[in-house]
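In: What would the 3D arrangement of this be:
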Amino acid sequence: MLVTTLEQERKKIYQAGREEGRLETQRQTIVQLLQFRFDLDEAGQAKFAQQLALSRDSQTLATLIDGLLRQTSNLEEITAQLAKDPPADKTK
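Out: Down below sits the predicted model:
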């Protein structure tokens, strides 16, 4: 019984780590695309990186990446989308 519980806990930790890694990759991709498309200065990059760090929704990040790749998003739309994304729950 203890072994089963430990194995389940290990799987939860592994899955959470994978999800956080996926989110971080998406965040980095967005910052790079923002730099490429809009030639942001360091302050602009830092501002968006800070906003993106709060995002916990993989789908929102994927939508932002898609818009940037298709060149259908502008900075105002991206900022508005990030503002709608609920902040990360730091207690988890």
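In: chain center to the strand or helix carrying residue 25, what's the gap?
Out: In this structure, residue 25 sits in helix 2-38 according to DSSP states H and E. With CA atoms, centre = their mean, to the nearest Å as the basis, helix 2-38 stands 9 Å off its chain's centre.
In: which helices and strands does that helix pack with?
Out: Judged by 3 or more CB pairs under 8 Å, 6 or more residues apart in numbering; DSSP states H and E, helix 2-38 is in contact with helix 42-53, helix 58-70, helix 75-84. To be clear about C-beta, it is placed using only N, CA and C from the backbone, and glycine gets the same treatment.
In: Now do that helix and helix 58-70, the angle between them.
Out: 30 degrees (axes from the mean of the first three to the mean of the last three CA atoms, to 10 degrees).
In: mean confidence for helix 2-38?
Out: Mean per-residue pLDDT for helix 2-38: 93.
In: List the buried residues in it.
Out: Neighbour counts over helix 2-38 (16 or more other CB atoms under 10 Å) mark 23, 26-27, 29-31, 33-34 as buried.
In: about what we covered before: by mean pLDDT, show me the worst of the helices and strands packed on helix 2-38.
Out: When I compare these, helix 75-84 is least confident, with a mean of 87.
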